[in-house]
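Participant: task: produce atomic coordinates for the following.
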Amino acid sequence: MFQSGILPCVAATMTFSLKGRNLFRPIVLLVIFVSVTLCSCFAHNNKPEVTVGANSPRISGTDIYGEYVSPGQLDGKVIVLYFWKRSSGGGSLKQLELFFRHNERNNLEILAINDSDSKSDLESYAKNNSITFMMLKDGRSRLVKQFQVLDFPTIFILDRNGIIREKIIGEISIDTLRKLISKQLLIQKT
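Facilitator: Okay, the predicted model is just below:
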């Protein structure tokens with residue numbers, strides 16, 4: 001009873017005329033047209049989904065020391081992309097340093113990508129934790145958008161051919177992460 005009483009009331013308030021013309025129908029048609037147009041624009045994202053087994057988007061940027069990181073210098077390496085914020089993911093990140101030092105000669109590259117903390121905070125973090133792998137300040141969130149990162153930390157492990165082999169969203173134990181990276185290093189050796 002409530003629904004049947006309110007609908008005619010809404011329709012009556014939306015039906016108004018200008019010199020005898022009913023404007024309700026054109027307004028409804030316009031609202032429907034705009035809604036369909038907006039839905040189709042947002043539903044058709046031209047970017048392919050970043051998933052395991054897909055080719056990784058090309059990676060480039062500037063590290064926290066001003067050095068340019070080009071896609072060419074990453075070719076042929078097992079790459080760990082570690083998207084993080086100091087408020088989430090920093091603890092595990094610093095635990096990767098020793099692992100990185102032991103495997104750097106095996107063509108392992110780790111890129112810690114941060115889009116929220118200041119460059120000076122990142123420099124301080126790297127210095128205080130003796131981090132030697134690349135840290136990128138993703139100032140305009142270009143890489144975050146490119147990799148469709150929605151939560152932090154998010155970690156991607158890429159094989160030497162740039163194929164995404166692992167995608168980890170949220171916290172992961174450092175031992176499990178090391179095993180996943182080691183698996184790619186071993187697979188790529190054989």
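Participant: for residue 56, give me phi and psi.
Facilitator: Residue 56 adopts backbone torsions of phi -70, psi 140, taken as degrees, to the nearest 10.
Participant: pretty sure it contacts residue 156?
Facilitator: Yes. Checked against Cβ atoms under 8 Å, the pair residue 56 and residue 156 is within contact range at 7.1 Å. For glycine as for every other residue, the C-beta is placed from the backbone atoms N, C-alpha and C.
Participant: which of those two has more neighbours?
Facilitator: residue 156 (23 against 20; other Cβ atoms under 10 Å).
Participant: burial measure for residue 128, as a count.
Facilitator: 9.
Participant: my bad, should have said residue 129
Facilitator: 13.
Participant: residue 182 now?
Facilitator: Counted with other Cβ under 10 Å, residue 182 comes out at 15.
Participant: also the one 3 residues further on?
Facilitator: By the other Cβ under 10 Å criterion, the neighbourhood of residue 185 contains 17 residues.
Participant: which residue ranges of the protein form strands?
Facilitator: With DSSP state E, the ranges of strands along the chain come out as 17-18, 21-22, 61-62, 68-69, 78-83, 108-114, 134-137, 154-158, 164-169.
Participant: nearest to residue 51, out of the ones you listed?
Facilitator: strand 164-169 (6.8 Å; Cβ to Cβ).
Participant: which positions in that closest one come out as buried?
Facilitator: Buried positions in strand 164-169, judged by neighbour count with 16 or more other Cβ atoms under 10 Å: 164, 165, 166, 167, 168.
Participant: break this structure into its domains for me.
Facilitator: 2-43, 61-189 (automatic domain parsing).
Participant: any residues in contact with both of residue 56 and residue 156?
Facilitator: The contact sets of residue 56 and residue 156 overlap at 50, 79, 164 (Cβ atoms under 8 Å, 6 or more residues apart in numbering).
Participant: check the nearest residue to the second one once chain neighbours are set aside and give its pLDDT.
Facilitator: Taking Cβ to Cβ, 6 or more residues apart in numbering as the measure, residue 79 lies nearest to residue 158, with 4.2 Å between them; neighbours along the chain are not counted. For residue 158, the pLDDT comes out at 97.
Participant: also residue 190?
Facilitator: At residue 190, pLDDT is 57.
Participant: pLDDT-wise, which helix or strand of this structure ranks last?
Facilitator: The weakest-scoring helix or strand in the chain, judged by mean pLDDT, DSSP states H and E, is helix 2-14 (a mean of 47).
Participant: just for the chain, where's the confidence low?
Facilitator: The chain contains residues with pLDDT under 70 at 1-26, 28-31, 33-47, 89, 188-190.
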